[in-house]
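Student: Prediction below, plus the sequence it came from.
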Amino acid sequence: KCIDLFYLPMDFRKRANLGYCFANFTTEEEAMRFCRQVSGYQLPLFNSKKVLATGVAHVQGFEANFRNFCNTPKMSGNVAPEFQPLIFD
């Protein structure tokens, strides 16, 4: 297991993602490996010239990301499950 939390922010009205995501990797090595593999990659199934870019988030670690993305008033009750962060055990 290399990711324990994944969040894809969405525009709820348009039901479309905002073009970025947050993934919490379980080790720094896995995070660096992912960055090396996807940075600069262009998604072939989309008619777009955009390329993937990676960066280090300000919030680090599962617990901090859980508090930041999952345990907030914005995510409580009113948000459909498909728009909520994914937690992997």
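Tutor: Looks like it arrived, so ask away.

Student: residues touching the residue nearest to the spatial centre of the chain, list them.
Tutor: By CA atoms, centre = their mean, the chain has its centre lying nearest to Phe22, at 2.5 Å. Neighbour list for Phe22: 5-7, 9, 57, 65, 69, 85 [criterion: CB atoms under 8 Å, 6 or more residues apart in numbering]. Quick note: C-beta positions are derived from backbone N, CA and C, even for glycine.

Student: Pro33 sits in which helix or strand?
Tutor: In this structure residue 33 is Arg, not Pro. Arg33 belongs to helix 28-38 when elements are defined using DSSP states H and E.

Student: Put the alpha carbons of that helix into PDB.
Tutor: The C-alpha coordinates for helix 28-38 follow below in PDB (Å, rounded to 0.1, in the frame of the first residue of the first chain):
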ATOM      1  CA  GLU A  28       8.600   9.500   1.000                       C
ATOM      2  CA  GLU A  29      10.100   6.900  -1.300                       C
ATOM      3  CA  GLU A  30       6.700   6.000  -2.800                       C
ATOM      4  CA  ALA A  31       5.900   9.700  -3.200                       C
ATOM      5  CA  MET A  32       9.200  10.400  -5.000                       C
ATOM      6  CA  ARG A  33       8.700   7.400  -7.300                       C
ATOM      7  CA  PHE A  34       5.300   8.600  -8.200                       C
ATOM      8  CA  CYS A  35       6.500  12.100  -9.000                       C
ATOM      9  CA  ARG A  36       9.300  10.700 -11.200                       C
ATOM     10  CA  GLN A  37       6.800   8.500 -13.100                       C
ATOM     11  CA  VAL A  38       4.000  11.000 -13.800                       C
END
